[in-house]
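# one predicted model, sequence on top.
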Amino acid sequence: MAPAEVPVAVLPGTPSSFPIPAEKLIALAQKVFATNSGVEDPDLLADNFRFEFPVVSLAKKDFVKAVSGFNLKDAFPNMESHPYDWRVDKYEPNRVWWTVRNTATHTGPLRFFGATYKPTGKVVLGAPECLSYTFNEEGKVTSFTGGYIMDRRVGNTNKLGAMFGILSAIGAPVPSPGSPLFFVRLATNAVRSLISGSHAGYTNGDSFTLASNYTTNAVTVAGVGSLCQSGTPVFPAVEATISTVHKAFVDGKVTCSQLVQAYVQRIQAYDKATGLSAVRVLNPDLEKEAAAKDQQLHQARQAGSNGLPGGLFCVPVLVKDNFDTVSMAATAGSAALLDNFASKDAQQVARLKAAGAIVLGKGNMGEWAFSPIFSISSVAGVVRNPYDLDRTPAGSSGGPAAGVAASFALVGLGTDTGNSVRGPASHTALVGMRPTLGLTSRAGIVPLDNSSDISGPLARSVEDVARMLEALAGPDPQDPLTLTNRLVTANRTANYTRFLARDGLQASAALALSSYGLLPGARVGVLRQVINTDINDTEVMQLFQDALTLMSDHGATIVEDFKIAGNSLGGYDWDGRSGQWWTGSTASGHWEDINCGAHFKSDLNWYLRTAGTRFRSIQEIADAGLYHPTINSSLSARAAVSYTPADYPTDELRAAGFVCGCGDYFDNPCRAEFRKRLVESMNNANLDVIVYPTWTNPPRLIGDFFSPDGNDSPQVAPPTGAPAITVPMGFVHRSGRSALPAGLQMLARPWDEGRLLRVAFAYEQATLHRRPPPIFPECSGGGGGGSGGTVGSGGSANPPAPDVSVRSLSGR
């Protein structure tokens, strides 16, 4: 008796039969493969084609453009893919599978994602990879999948497929989920932490490791929670604020040493074991400095004072790694500057210390502050987002932002050229502020572009940002920009917290443009000129609309579709929706892109003249090769610039009608025009602030170089010098994974920080969107004292000695 025929299962959404015979379909697949998967003949690809690999998903246009730039045939003239075992899928009759094993020798320059890799002569021996094409009934490819390794034991591609495997084989790995080097290192550190409590793997010192922490998931969320569950918690550090900590000091519930030890405990337990990599190095003088603060407070008490010596007394700050800081190198994320020890602090660091703050350590950052999207450095690897370790915290102040969000520090200090404070703050549910250009000093900061660079605070609340700004703001003889405008004296204040009022959104009858006085209301303009509707995330945009509705419900007047109008230079009005700082026209309208490209080379070479490092020019650094491969082309291009900012526009550009220079917003005619039109347009509309999403898309996955970023931060604040702040706007969700933060950005007229803080504080208090990342819970045990009290309520006045000491960091 013949066995009963078992029906073939059909996957949902796939055809049970297909009009193209299997033999013809395989022939079509081989034809597509011979044209570099349709790159050389895009007509073979359907209009709805998708490239679906483990890291990247691309539409047809982006796929053809990206792969066309790889020049594999030039870099690997003898490359062979050895395709074999072509067959049609039994369950998806419109899909063809096959296997490849790449072999090649790297004998020519290779271009990949903007980087150029010089020939190494290395041989690539690929592991077998499985690929597939899916076709429509017209015989065109609708989907191309691949990159999946079938046997990780063979080859020299570090168990990776596709381009990531090729790059690994030639010694140039890039961010890639699947990197086993990270799995081994991460798992080892996690096991050591759980077994011995030694938190091995955290380096307290300046060492060079081109970290490979490009993927996560080696430690589960539950596993992370167990990393800080041994010993007595020194202090309930999660979501602490300056005011609650200061109350604990006044009430005698915690000492400065114990507060610092609480953050050290969290950093040692979580930072390296999870791959967050927010902290590059801890301050080697922490224990001594904290003890000195305790002695200072003791002496004040003996003298009869009930207050604290300084507005930021013992506030632990995580400082971005491009600030000169005594006893810790300022690396700017570059291995070339690991010897860059300064003889004095950057002026901003010095002002924080003068207000009583204590530098906890240096935060990891995007190398040279180049990337607004990722924070990857050659000294400490990839910074991850504390809300989802597979995603980026943005760049380039990613380390301070991730660290503050995970409660590794009370506050952070970053720099912002186009985005680098506000973007990371938005991606990590923080408040981040870019002050008016000229309000704070740039002296002692490794520069990216001094015409736009400025430092800015990062904190978990608007109030703490205001407290930091009180210490940071002020003129500096070392930075002429802080001395050049008369408005500085008129509008700089020593007390920004006085502008914080919960009723700041209630409607007002009039706007006093010349006064910093507390206004009874707000008029809010919606700047849609920066919002590119073609690439927006619908969830983020819904949060933005919800924010506008909420502000209106709380009494604010919403001025829809506000525009920055006018252009006395001729041509078009400004419109930022192309993603550039200046758009509309070029020579005819003079709203050309003013990023002349000369500042980094000129400004860095000036900084290096007196820096502690052995290098004296960007060219020397480029020649030494001490940088992460992902910035290869960016660094090389900047080193090759042949003109200085003073030479721009070049003679050729002037002849074409260009007038914009490389200067700041005082001496560049285009930036001065933009600033003038911004202020006039806000005045004409009677506005307090203008608003827009900080980013219109959620944080990217690590290694995703193609998805839209939606970064709205560079378009207005940097070229005009106006102050801007981002405040948590809510969270979006992706496929049931962790909630991802989004930020609302507010911008005010230059020198109007008080008004900006007032509206931001009112919105924050009306929403309270900020919540801590669940991956990094409080360390076990209880409160800041022996009786388990919380900050500001109960607990012992003399807590027992903690299990984790600052001294334990030395000698690792």
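Nice, thanks for sending it over.
# for the nearest residue to residue 409 once chain neighbours are set aside, which residues make a bridge with it?
Excluding the flanking residues, the one nearest residue 409 by C-beta to C-beta, 6 or more residues apart in numbering is residue 318, at 3.8 Å. C-beta: built from backbone N, CA, C; applies to glycine. In this entry, residue 318 is beta-bridged to residue 361, residue 412, by DSSP bridges.
# contacting residues for residue 318?
278-279, 360-363, 399-400, 403-404, 408-409, 411-413 (C-beta atoms under 8 Å, 6 or more residues apart in numbering).
# out of the residues you listed, which end up buried?
278-279, 360-363, 399-400, 403-404, 408-409, 411-413 (16 or more other C-beta atoms under 10 Å).
# helix, strand or coil for residue 267?
helix (DSSP: H, G, I helix; E, B strand; the rest coil).
# how much space separates it from residue 431?
Residue 267 sits 22 Å away from residue 431, going by C-beta to C-beta, to the nearest Å.
# related to what we said a few turns ago, list just the nearest of the buried ones among the contacts of residue 318 to residue 612.
Closest approach to residue 612 among the buried ones among the contacts of residue 318 (C-beta to C-beta): residue 362, at 14.3 Å.
# hang on, isn't the closest one packed against residue 278?
No. If you go by C-beta atoms under 8 Å, residue 362 and residue 278 don't touch, sitting 10.3 Å apart.
# between those two, which contacts overlap?
318, 399.
# where in the stretch 351-500 of the chain is pLDDT low?
485-493 (pLDDT under 70).
# strands along that one, start to end?
For the stretch 351-500 of the chain, the strands defined by DSSP state E, counting those that start in this stretch occupy 358-363, 376-377, 381-382, 411-415, 431-434, 455-459.
# the fifth one pairs with which strands, parallel or anti?
So the one you mean is strand 431-434. Assessed with DSSP bridges, strand 431-434 is paired to strand 455-459 (antiparallel), strand 724-732 (antiparallel).
# dump it to PDB, keeping only the CA atoms.
In PDB, the C-alpha atoms belonging to strand 431-434 read as follows (Å, rounded to 0.1, in the frame of the first residue of the first chain):
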ATOM      1  CA  VAL A 431      18.200  67.200  28.600                       C
ATOM      2  CA  GLY A 432      21.100  68.600  26.600                       C
ATOM      3  CA  MET A 433      21.800  72.200  25.800                       C
ATOM      4  CA  ARG A 434      23.900  74.100  23.300                       C
END
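# how far does that strand sit from its chain's centre?
13 Å (C-alpha atoms, centre = their mean, to the nearest Å).
# now do the second one
How far strand 376-377 lies from its chain's middle: 11 Å, per C-alpha atoms, centre = their mean.
# which other residues reach it?
Against strand 376-377 from outside (C-beta under 8 Å, 6+ apart): 175, 280, 321, 331, 333-334, 364-367, 382-383, 395, 628, 630.
# 7 Å instead?
175, 333, 364, 365, 366, 367, 382, 628, 630 (C-beta atoms under 7 Å, 6 or more residues apart in numbering).
# swap in the first one?
The contact list for strand 358-363 (C-beta under 7 Å, 6+ apart) reads 260, 263, 278-283, 286, 289-290, 293, 314-321, 325, 328, 349, 399-400, 403, 409, 412.
# I'd like to know how far residue 697 sits from residue 434.
For residue 697, the distance to residue 434 - C-beta to C-beta - is 20 Å.
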